[in-house]
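Trainee: Build the 3D model from these lines:
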Amino acid sequence: MELKDIKKVLILGAGTMGQQIGFVCAMHGYHVTFYDLSDEILSQSLKRIEKLGSSFFVPIRRITIEQLREIMGRITTTSNPEEAARETDLISESVPEDPEIKAKVFEKFNKLCPERTIFTTNTSLLMPSKFAAATGRPEKLIALHFHDVRTTNIVDVMPHPGTDPTVTALVRDFAVSIGQIAIMLHRENNGYVFNAMLSSICTAALTLVTTGVASVEDVDRAWMGVMRMPIGPFGMMDQMGLKTVWHVNDYWARNTQDIPANQIQANADFLKQYVEKGELGAKTKKGFYTYPNPEYAKAEFLSGMAEK
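Mentor: Take a look at the predicted model:
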């Protein structure tokens, strides 16, 4: 298969990242089908997809209202797996971060998709090799990991040991065709490139707080002041969503060998307090900070006067 042969993209999982990925693909001329478990989920997702275009991409003049209509015309949804798989050239998977769930989903679609279909996963945590065998086509499986498309066009392209090199090259070309900058990984790595760096920063920040070294605000203040950045690690975690950050820490507490698991678990437990209260960060208007006007955005934050 060549790049010109990719016409239809199937998005498995119509959550936030699936919506963003599908919109960007449709924006660049691909026909996109969203698959999820129910028509109700898909109906809500379709509204959010159109809002992503009308409230973000149109205002920043990436597209016009007329182009948004054309983009939405290239998008279809279905909760029927057979219909979803029909004539699919490339899959982008964004289902929950559980290797068993991903394996079952890929196993199902391996039986339904054409032999040519390439399987990509948007996993944030897992190595593709963990569920490659279950896909039935391990040579056609590769990670194509997106970040928030509203703020960056960086993607990670990460093969596993069994990925066909021609598939790696094709997926890189596909990423470029949808306006992305492809970061090419030579081997599997937890957290890819940027997330691996960000994870280290967030882990250090959480550990400083959970071990009683400094407050949330002073950790952010130190980072912002020295690095001349407009936001610190805890502010960033609020933007990522504390439920997501908690899931990541909880996962690594159970699976890591590099950092003492008890410290990562302490960090996860600290985050869980916020999750259980429904304080998930910017999207719920409250996390480590209160939104839409968080303390760290105030001019006096760095001096510490905002807390007086």
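Trainee: okay, CA-based contacts and neighbour counts for the rest of this
Mentor: Will do.
Trainee: so which strand or helix has Lys104?
Mentor: Using DSSP states H and E, Lys104 sits within helix 99-112.
Trainee: Which secondary structure elements does that helix sit against?
Mentor: Packing contacts for helix 99-112, counted by 3 or more CA pairs under 8 Å, 6 or more residues apart in numbering; DSSP states H and E, involve helix 81-85.
Trainee: ok, residues contacting the helix it packs on?
Mentor: Residues outside helix 81-85 that contact it (CA atoms under 8 Å, 6 or more residues apart in numbering): 10, 33-35, 77-78, 109, 112-114.
Trainee: hmm, back to that, distance from the helix holding Lys104 to the middle of the chain?
Mentor: Remark: helix 99-112 is offset 19 Å from the chain centroid, using CA atoms, centre = their mean, to the nearest Å.
Trainee: Go ahead and produce CSV holding the CA coordinates of that helix.
Mentor: Taking C-alpha atoms only, helix 99-112 is exported to CSV below (Å, rounded to 0.1, in the frame of the first residue of the first chain):
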residue,chain,number,x,y,z
PRO,A,99,-4.0,-4.0,27.1
GLU,A,100,-6.8,-6.6,27.3
ILE,A,101,-9.4,-4.2,26.0
LYS,A,102,-7.1,-3.1,23.2
ALA,A,103,-6.3,-6.7,22.3
LYS,A,104,-10.0,-7.6,22.1
VAL,A,105,-10.9,-4.6,20.0
PHE,A,106,-8.0,-5.3,17.5
GLU,A,107,-8.8,-9.0,17.4
LYS,A,108,-12.4,-8.2,16.5
PHE,A,109,-11.5,-5.7,13.8
ASN,A,110,-8.8,-8.0,12.4
LYS,A,111,-11.6,-10.4,11.4
LEU,A,112,-13.6,-7.6,9.8
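Trainee: any idea of the mean pLDDT in it?
Mentor: Averaging pLDDT along helix 99-112 gives 95.
Trainee: neighbouring contacts of that helix?
Mentor: Residues contacting helix 99-112 (CA under 8 Å, 6+ apart): 81-82, 85-86, 95-96, 126, 130-132, 134-137.
Trainee: Okay, and which of the contacts of helix 81-85 map to helices?
Mentor: Among these, the members falling in helices (DSSP state H) are 109, 112.
Trainee: Below-threshold pLDDT in this protein: ranges please.
Mentor: For the chain, the stretches with pLDDT under 70 are 256-260, 305-308.
Trainee: residues contacting Phe56?
Mentor: Here Phe56 is in contact with Arg150 (CA under 8 Å, 6+ apart).
Trainee: Repeat the analysis, applying 10 Å as the threshold.
Mentor: Neighbouring residues of Phe56 by CA atoms under 10 Å, 6 or more residues apart in numbering: 50, 62-63, 150.
Trainee: residue boundaries of the helices in the stretch 51-200 of the chain?
Mentor: Taking DSSP state H, counting those that start in this stretch to define them, one finds helices in the stretch 51-200 of the chain at 65-73, 81-85, 99-112, 165-177, 194-210.
Trainee: Indicate which one of the ones you listed is closest to Gln20.
Mentor: Closest to Gln20 of the helices of the stretch 51-200 of the chain is helix 65-73 (CA to CA; 12.6 Å).
Trainee: In terms of secondary structure, what does that closest one contact?
Mentor: Under the contact definition 3 or more CA pairs under 10 Å, 6 or more residues apart in numbering; DSSP states H and E, helix 65-73 sits against helix 16-27, strand 31-35, helix 39-52.
Trainee: Would you mark the buried spots in the first one?
Mentor: When you say that, I think you mean helix 16-27. 17-27 (16 or more other CA atoms under 10 Å).
Trainee: Check stretch 4-19 too.
Mentor: 6, 8-15, 17-19.
Trainee: for it, the distance to its chain's centre please.
Mentor: Taking CA atoms, centre = their mean, one finds the center of stretch 4-19 at 13 Å from the center of the full chain.
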